[in-house]
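Participant: just a sequence and a predicted model for now, questions to come.
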Amino acid sequence: MNKIPSALSLGVRRGGLEIRQFARQRESVIFTLLFPVILLIIFGSVFKDTIAPGVTFSQYFLAGMIASGLVNTGFQALAITIPLERDFGALKRLRGTPMPASSYFIGKAILIIVSMVLQIIMLLGVGLIFFNVEIPTDPHKWFTFAWLVLLGSACSTALGIAYSIVPKSGRGASAVVTPIVIVLQFFSGVFFIFTQLPSWMQQVASIFPLKWLTQGMRSVFLPDTFATQEVAKSWENSRTFAILVIWLIIGVFFSVRKFKWDRD
Amino acid sequence: MNAIEVTGLRKSYGQVHAVRGIDLTIVSGEIFALLGPNGAGKTTTVEILEGFRRRDAGVVKVLGFDPREEGRAAREWRNRIGIVLQSTSDSGDLTVIETIQHFSGYYSNPRNVEEVINSVGLEEKSGSLIRKLSGGQRRRLDVALGIIGSPELLFLDEPTTGFDPEARRAFWALIEKLRGDGTTILLTTHYLDEAEALADRVGVINDGQILEISSPMQLGGRSTAQALVTWRDGSEIASESTNNPTTVINRLMSHFNGEIPELTVTRPSLEDIYLKMIGITHE
């Protein structure tokens, strides 16, 4: 008798399968990957102001779009597609095999990180070509960028899987997921300059990861002189790290404990 | 050796008592069909055995394992069973062979992918996307995914719903082949001819209780039930119920001096017996 395959190796296999399935759904590829790019083009073309010496709104918005891409591609996509998979009975079938839950989660995380990398490349490309966004040269900033993308994707994946227990059906899923994401985008300084928002909005946003992701991305793509314009007069990157870790733990906890494989 | 042992199984949903004390033993290597109307407790029972649902009371051993357990031991257990659920569909963006290949990677000793595809008759659809398959072809894919891990015990829930008669016969042949490999099979079906063709024993369940467990030929006193002899007598069809059909036929042969016009001898079908059993409990 051979041994059953490890959870990690099955997770990697599932990641490959998820990517293949995703790539064959043309609509979702376009919507998930290109929508942020389209938004960047629209906002970047409409708002051409300089918001601080050497900082354009396009730059500010690019940081926000990359951050909210993490939420769209991870949290939103998973919280909508997992209930659909549940409706199909695909999850129940998986539950009946020796594949462990952790492999399923690892597969989703791989899909999210790969689509996030593609999306970031497109956003940076468009920002660079059309809006003169400056790409950082400081390796320290790239290090920050790398952990923001990795931790942000992980956090977004875990929260998306956890939140997938909320929609009762696949059909109703986007109604209970999308509004949260859009409101958070408005509150978290994606579409507007965060410090210009009413303070109650700022306070609400500070509870959730998106505000911290956008702020972290600004620390990468805006000059360090801009840090004084933030609420705390600094980038607060270590606080961002801590808050993302806390949300990651919350997401993993609920995913592991409460994940629903079956409709009833 | 028993594949499944159940004693005193109970399950309620609020005020509804779906399963009210079921005892059931399924021997290794046999094909057992569980029959019963919708809402009889069939699905609840099977899903408890499959580990999808929690029971309220009773003892359950499936391949010696309690399906309530989780973790590593549950993975080892699932490695030895196969489940074909009632309704499953996928987004359909993978091909038949990709899907089966992928699922084969979940098990320690999978069957050969090509062989499984051939055995369910999907060899011509091997490279097709799932969403382009017909309902019956999808069902055959479900069966392929259920057997890919070379299970010792296979659960089949309404496996041939939506099959045309030819596909059903092919499916029956596949089940016979699995029987030959020593696979234990628990089948639920609405088709009584299917149960009769495949099952070594059938159990009839209604109102959350087992009414009878027997071989298809003996269920409900079927083997000893009266036979109905019919023939043409002038312009009319005559009939007679009897315990001794041969005697009746002998008498008719001398009456007609040889060939009896339009002779039939029928015993109650499994379906007749089943409907009678279900009907009785409804009174």
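Facilitator: Thanks, I have it.
Participant: next SSE downstream of the helix or strand bottoming out on mean pLDDT in chain A?
Facilitator: Comparing helices and strands within chain A by mean pLDDT, DSSP states H and E singles out helix A:26-29 as the least confident, with a mean of 80. Downstream of helix A:26-29, the first helix or strand assigned by DSSP states H and E is helix A:35-46.
Participant: quick check: buried residues in that following helix?
Facilitator: Residues of helix A:35-46 classed as buried by neighbour count (16 or more other Cβ atoms under 10 Å in any protein chain shown): A:36-37, A:39-40, A:43-44. Glycine gets a C-beta too; all of them are placed from N, C-alpha and C.
Participant: dump those to TSV, plus distance to chain B and pLDDT.
Facilitator: TSV is the format used below for those (distance: Cβ to the nearest Cβ, whole Å; pLDDT from 0 to 100):
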residue	distance to chain B	pLDDT
A:Pro36	23	84
A:Val37	23	88
A:Leu39	26	87
A:Leu40	28	88
A:Phe43	32	86
A:Gly44	33	84
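Participant: does B:His17 have beta-bridge partners, and which?
Facilitator: B:Ser12 (DSSP bridges).
Participant: now do the contacts for it.
Facilitator: B:10-11, B:208 (Cβ atoms under 8 Å, 6 or more residues apart in numbering or on different chains).
Participant: drop anything exposed from these.
Facilitator: Buried among the contacts of B:His17 by 16+ other Cβ under 10 Å: B:10-11, B:208.
Participant: could you list the buried residues of the host helix or strand of A:Val176?
Facilitator: In this structure, A:Val176 sits in helix A:170-187 according to DSSP H and E. Buried residues in helix A:170-187, counted by 16+ other Cβ under 10 Å: A:170, A:173, A:177, A:180-181, A:184-185, A:187.
Participant: before we move on, what about stretch B:117-127?
Facilitator: For stretch B:117-127, the neighbour count (16+ other Cβ under 10 Å) marks B:117, B:119-122, B:125 as buried.
Participant: and the residues you listed, which two are the farthest apart?
Facilitator: B:Ser119 and B:Lys125 (13.5 Å; Cβ to Cβ).
Participant: okay, and the common contacts of those two?
Facilitator: In contact with both B:Ser119 and B:Lys125: no residue, using Cβ under 8 Å, 6+ apart.
Participant: and B:Phe171, how far from chain A?
Facilitator: The gap separating B:Phe171 from chain A is 19 Å, by Cβ to the nearest Cβ, to the nearest Å.
Participant: mind checking the SS state of the residue nearest to that residue when sequence neighbours are not counted?
Facilitator: Nearest residue to B:Phe171 in three dimensions, chain neighbours excluded: B:Thr160, at 5.5 Å (Cβ to Cβ, 6 or more residues apart in numbering or on different chains). State at B:Thr160, reduced to three classes by DSSP: H, G, I helix; E, B strand; the rest coil: coil.
Participant: quick one, what contacts the closest residue to A:Asp224 other than its chain neighbours?
Facilitator: Nearest residue to A:Asp224, sequence neighbours excluded (Cβ to Cβ, 6+ apart): A:Trp235, at 7.9 Å. Neighbour list for A:Trp235: A:215-216, A:218-219, A:224, A:227 [criterion: Cβ under 8 Å, 6+ apart].
Participant: is it possible to get TSV of the residues you listed that adds secondary structure and neighbour count?
Facilitator: Below are these laid out as TSV (DSSP: H, G, I helix; E, B strand; the rest coil; neighbours: other Cβ atoms under 10 Å in any protein chain shown):
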residue	secondary structure	neighbour count
A:Gln215	helix	28
A:Gly216	helix	28
A:Arg218	helix	25
A:Ser219	helix	23
A:Asp224	helix	11
A:Ala227	helix	17
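Participant: what about the helices in the chain?
Facilitator: You didn't say which chain, so I picked chain A. Here chain A has its helices, by DSSP state H, at A:7-24, A:26-29, A:35-46, A:57-70, A:77-88, A:90-95, A:101-130, A:139-163, A:170-187, A:199-207, A:209-221, A:237-258.
Participant: to clarify, I was referring to chain B.
Facilitator: Counting by DSSP H, the helices of chain B are B:42-49, B:72-78, B:96-104, B:113-119, B:135-147, B:165-180, B:192-198, B:245-256, B:270-282.
Participant: does the second one reach chain A?
Facilitator: Spelled out, that is helix B:72-78. Yes: judged by Cβ under 8 Å from any Cβ of the partner chain, helix B:72-78 comes into contact with chain A at B:75-76, B:78.
Participant: in the stretch 151-264 of chain A, which residue sits closest to chain B?
Facilitator: A:Asp262 (6.4 Å; Cβ to the nearest Cβ).
Participant: pretty sure that residue is touching A:Lys92, no?
Facilitator: Yes: at 4.9 Å, A:Asp262 counts as touching A:Lys92 under the criterion of Cβ atoms under 8 Å.
Participant: select from the residues of helix B:72-78 next to chain A the one having the most neighbours.
Facilitator: B:Arg78 (25 neighbours; other Cβ atoms under 10 Å in any protein chain shown).
Participant: nearest spatial neighbour of that one, skipping sequence neighbours?
Facilitator: Nearest residue to B:Arg78 in three dimensions, chain neighbours excluded: A:Pro98, at 4.2 Å (Cβ to Cβ, 6+ apart).
Participant: repeat for A:Val245
Facilitator: Nearest non-adjacent residue to A:Val245, counting by Cβ to Cβ, 6+ apart: A:Leu151, 7.2 Å away.
Participant: how many residues are close by that neighbour?
Facilitator: Neighbours around A:Leu151, by other Cβ under 10 Å: 20.
Participant: give me the residue at the spatial middle of chain A.
Facilitator: Closest residue to the average C-alpha location of chain A: A:Leu70 at 1.6 Å, with Cα atoms, centre = their mean.
Participant: what about the residue nearest to it when sequence neighbours are not counted, distance to A:Met122?
Facilitator: With Cβ to Cβ, 6+ apart as the criterion, A:Leu70 has its nearest non-adjacent residue at 4.2 Å, and that residue is A:Gly152. Distance, A:Gly152 to A:Met122, using Cβ to Cβ, to the nearest Å: 17 Å.
Participant: so who does B:Thr88 touch?
Facilitator: A:88-90, A:92-93, B:142 are the contacts of B:Thr88 under Cβ under 8 Å, 6+ apart.
Participant: could you dump these to a markdown table with neighbour count and pLDDT?
Facilitator: Formatted as a markdown table, the contacts of B:Thr88 follow (neighbours: other Cβ atoms under 10 Å in any protein chain shown; pLDDT from 0 to 100):
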| residue | neighbour count | pLDDT |
| --- | --- | --- |
| A:Phe88 | 18 | 87 |
| A:Gly89 | 19 | 89 |
| A:Ala90 | 17 | 91 |
| A:Lys92 | 22 | 93 |
| A:Arg93 | 21 | 93 |
| B:Asp142 | 23 | 91 |
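Participant: gap between B:Arg267 and B:Gln218?
Facilitator: Taken as Cβ to Cβ, the span from B:Arg267 to B:Gln218 is 12 Å.
Participant: what do you get for A:Ser103?
Facilitator: A:Ser103 is 47 Å from B:Gln218, where distance means Cβ to Cβ.
Participant: the two: which has the busier surroundings?
Facilitator: Neighbours were counted for A:Ser103 and for B:Gln218 using other Cβ under 10 Å; A:Ser103 has more, 24 against 14.
Participant: hang on, the earlier thing: report pLDDT for the residue nearest to B:Phe171.
Facilitator: At B:Thr160, the model reports a pLDDT of 84.
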